[in-house]
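Undergrad: I would like the atomic coordinates for the input below:
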Amino acid sequence: MGKAVQRNRAKRLLREAIRPLIPNITRGWDVLLIARHPLAGASCQEAQAALVTMLKRSHLLEESYDA
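TA: Below you'll find the model as predicted:
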């Protein structure tokens with residue numbers, strides 16, 4: 001992911017993007033997020049949209065969730 005500053009920004013970005021989604025993630029699962037290079041230039045909204053897509057594809061987002 002790069003130098004420490006970029007890695008820390010990616011961690012903060014992922015943390016903030018997933019925070020509002022946590023109550024809607026199916027219970028009983030651990031989710032591991034791995035930051036890749038495109039995340040470095042992404043906004044929080046773009047990161048959250050990608051997380052929603054990923055969680056829906058893996059059927060970990062509750063049915064009642066609407067973004």
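
Undergrad: and whichever helix or strand Arg12 is part of, what does it pack against?
TA: Under the criterion DSSP states H and E, the helix or strand holding Arg12 is helix 4-18. When contacts are defined as 3 or more C-beta pairs under 8 Å, 6 or more residues apart in numbering; DSSP states H and E, helix 4-18 sits against helix 44-57. Heads up, the C-betas are built off the backbone N, CA and C, glycines and all.

Undergrad: and the helix it packs on, how far from the chain's centre?
TA: Distance of helix 44-57 from the chain centroid (C-alpha atoms, centre = their mean, to the nearest Å) equals 6 Å.

Undergrad: do I have it right that Ile25 meets Ser58?
TA: No: counting by C-beta atoms under 8 Å, Ile25 does not reach Ser58; the two are 10.1 Å apart.

Undergrad: which of these two has more neighbours?
TA: With neighbours defined as other C-beta atoms under 10 Å, Ile25 and Ser58 compare such that Ile25 has more, 17 against 11.

Undergrad: just the pLDDT at that one, thanks.
TA: Listed pLDDT for Ile25 reads 93.

Undergrad: run through this structure and note the low-pLDDT ranges.
TA: Along the chain, the model assigns pLDDT under 70 to residues 1-2, 67.

Undergrad: what sits against the most centrally placed residue in it?
TA: Geometric centre of the chain, nearest residue: Leu51, 4.1 Å, by C-alpha atoms, centre = their mean. If you count contacts by C-beta atoms under 8 Å, 6 or more residues apart in numbering, Leu51 has them with 14, 17-18, 21, 33.

Undergrad: next, the distance between the ends of stretch 35-49.
TA: Distance across stretch 35-49, first residue to last, is 15 Å (C-alpha to C-alpha, to the nearest Å).

Undergrad: now do the buried residues in that stretch.
TA: For stretch 35-49, a neighbour-count test (16 or more other C-beta atoms under 10 Å) marks 35, 39, 42, 47-48 as buried.

Undergrad: that concludes my questions; thank you for your assistance.
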